[in-house]
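**Student:** the following comprises the amino acid sequence and a computationally predicted model.
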Amino acid sequence: MAHYDVLIVGGGAAGFFTAINVATFNPELKVAILERGKNVLSKVKISGGGRCNVTHAEFIPKDLSLNYPRGEKELLGPFHSFMTGDTIGWFADRGVELKTEDDGRMFPVTNTSETIIDCFLSETRRLGIKVLTGQPVKNIQKNNESWVVESTKTNFGCDQLVIATGSNPKMWDILKDLGHKMVDAVPSLFTFNIKDPRIKDLAGISTFAEVKITNSGLESEGPLLITHWGMSGPGILKLSAWGARDLNDCNYQFSILVNWVPSFNPESISEELTRLKESSAKQKVIKYAQFELPKRLWIKLVKASGIPEDEVWANVSKKQLDQLALQLCKGEFSVNGKSTFKDEFVTAGGVDLKEIDFKTFRSKKYENLYLAGEVLNIDAITGGFNFQNAWTGGFIAAKAIAGIS
Ligand SMILES: Cc1cc2nc3c(=O)[nH]c(=O)nc-3n(C[C@H](O)[C@H](O)[C@H](O)COP(=O)(O)OP(=O)(O)OC[C@H]3O[C@@H](n4cnc5c(N)ncnc54)[C@H](O)[C@@H]3O)c2cc1C
């Protein structure tokens, strides 16, 4: 049976980052990665639309942690050890330059995820890390102080074991058998299915809005994109991540309140509308979109307020003005199901965070078991934060494994 000092199960982002850092800190250690599939780093390859959104240009640990609906509290400490600036430096040291886009997302300057994959593969070669593909792990057992890891093909032994298998259900069962508490998987990062005449035929329109889930404290602000199926965009995706568990509990049947003009509330906008009624008395209401709203959306909201298409401002009744104020600032929409966002799905759930020592990413149940990446009950909103979790966990675990405090 082949024996390694360090065995990493899972050839994804977290697995590679851990392996490379272990071998960098201590080149004496014999390190191997076991990957179930034929290829490694398959999610990295398709990530960010093939460009790999490596991290996010947020350099304050507290602010960075706010992007993790699950993991916010636990990642704060680790981010003080390894976060965005360190990620940028780590890749730069290996010849990979990152660039920042207007929204803060960071990508390789080459605009292709292959750059990240090439970097990882050349590092594993340089450091003598064994990458063993086609090795689905089906069982893990403790053998005195070391581990026996059984793949469907053969057995491996190791002194230190790292689990970086993402949200693979088989490994969740194995971890359960080892005594770890697993938090059930639910999807995160999805768009809302909404059929409503107010957004019908408006697919492609994007505007800054505030969205609240009724009967819950959840709300978010950001660009809202109207799609053929309903609503998407950063504002909606954020809500889907923060509400992942509650929304799953209600089977994705809920309602939201949309404020299309977040700098106003129904009272302050009523004053503006009354002013418009006086200043633009002879003008048709639908003629000019107000409050910098997209024109086609403005027309839909005016119609939804019961104001006829050819009505002029002077003839709009008090009741209609109140309705328009509500449509603009508190439009209620029923959500009926969810859709996947550009194939980018993330799973909430995984190893209960109470069972992890976040100074080392070591299991509190076993001295020589480490866990990093999406296998933990950590997930983030879209924007490069999910990979940053993999880099941070991998780096800190590697330090502990290599015996660097
Ligand atoms: C389409 C898509 C696009 C994305 N884009 C981005 C992005 O641009 N930026 C971002 O931050 N996040 C993105 N994400 C999320 C990000 O990919 C994940 O958070 C990240 O890959 C998690 O890394 P990981 O190493 O923990 O798990 P994974 O990347 O899932 O790697 C786990 C590996 O373990 C292997 N494995 C599983 N079970 C076993 C087993 N029993 N034995 C052996 N091997 C096993 C798997 O085959 C896999 O290779 C995206 C996700 C998707 C689906």
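**Tutor:** That came through fine. Everything numeric in this text was worked out from a predicted model, so none of it was measured.
**Student:** please count neighbours and contacts with C-alpha atoms only from this point.
**Tutor:** Noted.
**Student:** looking at the protein, which residue lies furthest from center?
**Tutor:** residue 282 (49.1 Å; C-alpha atoms, centre = their mean).
**Student:** could you measure from that residue over to residue 307?
**Tutor:** 15 Å (C-alpha to C-alpha, to the nearest Å).
**Student:** same question, residue 92
**Tutor:** Using C-alpha to C-alpha, residue 92 is found at 59 Å from residue 307.
**Student:** go through the chain and flag its longest helix.
**Tutor:** Across the chain, the longest stretch assigned as helix under DSSP state H is helix 385-401.
**Student:** and residue 110, what helix or strand is that in?
**Tutor:** In the assignment (DSSP states H and E), residue 110 maps to no helix and no strand.
**Student:** what's the distance between it and residue 255?
**Tutor:** 42 Å.
**Student:** ok, now residue 108?
**Tutor:** 39 Å.
**Student:** which strand or helix spans the nearest residue to residue 114 once chain neighbours are set aside?
**Tutor:** Counting by C-alpha to C-alpha, 6 or more residues apart in numbering, residue 114 lies nearest to residue 45, which is 6.5 Å off, once chain neighbours are set aside. Following DSSP H and E, one finds residue 45 within helix 42-50.
**Student:** quick one: list the elements packing against that helix.
**Tutor:** Packing partners of helix 42-50 (3 or more C-alpha pairs under 8 Å, 6 or more residues apart in numbering; DSSP states H and E): helix 114-127.
**Student:** what mean pLDDT does the helix it packs on get?
**Tutor:** For helix 114-127, the mean per-residue pLDDT is 98.
**Student:** got a list of contacts for it?
**Tutor:** By C-alpha atoms under 8 Å, 6 or more residues apart in numbering, the residues outside helix 114-127 that reach it are 16-17, 19-20, 23-24, 27, 41, 44-45, 52, 94, 96, 108, 130-131.
**Student:** drop anything exposed from these.
**Tutor:** Buried subset of the contacts of helix 114-127 (neighbour count, 16 or more other C-alpha atoms under 10 Å): 16-17, 19-20, 23-24, 41, 44-45, 52, 96, 108, 130-131.
**Student:** among the residues you listed, which pair sits farthest apart?
**Tutor:** With distances taken as C-alpha to C-alpha, the most widely separated pair in those is 108 and 130, at 25.8 Å.
**Student:** quick one: the helices in the chain?
**Tutor:** 13-25, 42-50, 61-65, 72-81, 84-93, 114-127, 169-177, 234-242, 244-249, 266-279, 295-304, 318-329, 385-401.
**Student:** quick one, the longest one and helix 84-93 angle?
**Tutor:** Taking axes from the mean of the first three to the mean of the last three C-alpha atoms, to 10 degrees, helix 385-401 and helix 84-93 form an angle of 80 degrees between their directions.
**Student:** tell me what helix 385-401 is packed against?
**Tutor:** helix 13-25, strand 55-56, helix 72-81, helix 84-93, strand 369-371.
**Student:** right, and those - which one's nearest the ligand?
**Tutor:** The ligand lies closest, by C-alpha to the nearest ligand atom, to one member of those: helix 13-25, at 3.7 Å.
**Student:** quick one: mean pLDDT for that closest one?
**Tutor:** 98.
**Student:** check whether it comes near the ligand.
**Tutor:** Yes: counting by C-alpha under 6 Å from any ligand atom, the ligand has neighbours in helix 13-25: 13-15.
**Student:** relative to helix 385-401, how tilted is that helix?
**Tutor:** Helix 13-25 and helix 385-401 meet at an angle of 30 degrees, taking the same axes, to 10 degrees as the criterion.
**Student:** what's the angle from helix 13-25 to helix 42-50?
**Tutor:** Using the same axes, to 10 degrees: helix 13-25 against helix 42-50 is 110 degrees.
**Student:** so how far is helix 13-25 from its chain's centroid?
**Tutor:** 22 Å (C-alpha atoms, centre = their mean, to the nearest Å).
**Student:** which parts of the stretch 51-200 of the chain sit against the ligand?
**Tutor:** By C-alpha under 6 Å from any ligand atom, the residues of the stretch 51-200 of the chain that approach the ligand are 52-54, 135-138, 164-166, 168, 170-171.
**Student:** among these, which two are most distant?
**Tutor:** Spatial extent of these (C-alpha to C-alpha) is set by the pair 53 and 138 at 31.3 Å.
**Student:** more neighbours, these two?
**Tutor:** Neighbours were counted for residue 53 and for residue 138 using other C-alpha atoms under 10 Å; residue 53 has more, 27 against 15.
**Student:** wait, the more buried one sits on residue 104?
**Tutor:** No: with contact defined as C-alpha atoms under 8 Å, residue 53 does not reach residue 104; the gap is 10.1 Å.
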